[in-house]
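1. can you look at this prediction? I've put the sequence above it.
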Amino acid sequence: MTQDEMKKAVAEAALEYVQNGWIIGVGTGSTANHFIDALAGIKSRIDGAVASSEASAERLRGHGIEVLDLNSAGPLPVYVDGADESTRHLHLTKGGGGALTREKIVAAASEKFICVIDETKQVDYLGAFPLPVEVIPMARSHVARALVALGGNPVLREGFRTDNGNVILDVHGLRIMNPVELESEIDHIAGVVSNGLFARRPADVLLIGTPSGVNTVTA
Ligand code: 5RP
């Protein structure tokens, strides 16, 4: 089974957490794209979706699923999204696709966060995947120095702007032993919009795609 087949299977398994008449929070990335495609099959049963990125909004609309504004649609019953890394405590690194800030907002505004990953994303400690940090452009150098002081090696994501018009620093070289603390510490650097640690608000349910089926881990 390929990694993409595991992503598709786990995304389809997340449909089990969708109830009739709900507005669904939808994430970003290739696993979330599989979820959007699966959602299209039951679109007559849902009242629409809130997207965590322009790309996901476009894909939802392409399937004829109404995309709603979080301000009028929230709070949401459920948010479904992928991740770049997950621990067994359901602490996550996200933002490989650069949508971390909107993902964090929609997750925060949702009662249940269902995270869908393939088995390659499971880790003992976060940090091998470079931690994305969204930064106001004028603060780029200041934030980079502060991240170096925290022991990281920030690298500007070249040629990339987020949906919010900001830049991303991908922080290499971190071995994250206390993700809750580090998430807060990075958020307090002036100029940081958000960072890709989802530890203060971890996933509630982790669905893991493996060659032998989908495993479920709950918080
Ligand atoms: C995007 C994300 C994605 O959820 C994460 O990068 C995983 O992506 P994929 O499902 O393509 O492996 O956080 O900002």
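-> That came through fine. Numbers count the residues shown, from 1 in each chain.
2. count the residues that sit near Glu158.
-> 7 (other CB atoms under 10 Å). No exception for glycine: its C-beta is placed from N, CA and C like everyone else's.
3. strands of this protein, start to end?
-> Using DSSP state E, the strands of the chain run over 23-26, 48-51, 76-81, 85-86, 92-93, 110-118, 131-135, 153-156, 167-172, 192-195, 197-198, 205-210, 213-218.
4. elements contacting the second one?
-> Right, the one you point to is strand 48-51. Other elements packing on strand 48-51 under the criterion 3 or more CB pairs under 8 Å, 6 or more residues apart in numbering; DSSP states H and E are strand 23-26, helix 54-62, helix 70-73, helix 100-108.
5. ok, the first one next?
-> Counting by 3+ CB pairs under 8 Å, 6+ apart, the packing neighbours recorded for strand 23-26 are helix 30-40, strand 48-51, strand 76-81, helix 100-108.
6. will you turn the strands of the chain into JSON lines that also has distance to the ligand, mean neighbour count and mean pLDDT?
-> Converted to JSON lines, these look like this (distance: least, CB to the nearest ligand atom, whole Å; neighbours: other CB atoms under 10 Å; pLDDT from 0 to 100):
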{"stretch": "strand 23-26", "distance to the ligand": "11", "mean neighbour count": "26", "mean pLDDT": "98"}
{"stretch": "strand 48-51", "distance to the ligand": "12", "mean neighbour count": "24", "mean pLDDT": "98"}
{"stretch": "strand 76-81", "distance to the ligand": "5", "mean neighbour count": "24", "mean pLDDT": "98"}
{"stretch": "strand 85-86", "distance to the ligand": "9", "mean neighbour count": "24", "mean pLDDT": "98"}
{"stretch": "strand 92-93", "distance to the ligand": "8", "mean neighbour count": "28", "mean pLDDT": "98"}
{"stretch": "strand 110-118", "distance to the ligand": "8", "mean neighbour count": "23", "mean pLDDT": "98"}
{"stretch": "strand 131-135", "distance to the ligand": "7", "mean neighbour count": "27", "mean pLDDT": "98"}
{"stretch": "strand 153-156", "distance to the ligand": "16", "mean neighbour count": "16", "mean pLDDT": "98"}
{"stretch": "strand 167-172", "distance to the ligand": "10", "mean neighbour count": "22", "mean pLDDT": "98"}
{"stretch": "strand 192-195", "distance to the ligand": "11", "mean neighbour count": "22", "mean pLDDT": "98"}
{"stretch": "strand 197-198", "distance to the ligand": "9", "mean neighbour count": "29", "mean pLDDT": "98"}
{"stretch": "strand 205-210", "distance to the ligand": "11", "mean neighbour count": "22", "mean pLDDT": "98"}
{"stretch": "strand 213-218", "distance to the ligand": "15", "mean neighbour count": "13", "mean pLDDT": "97"}
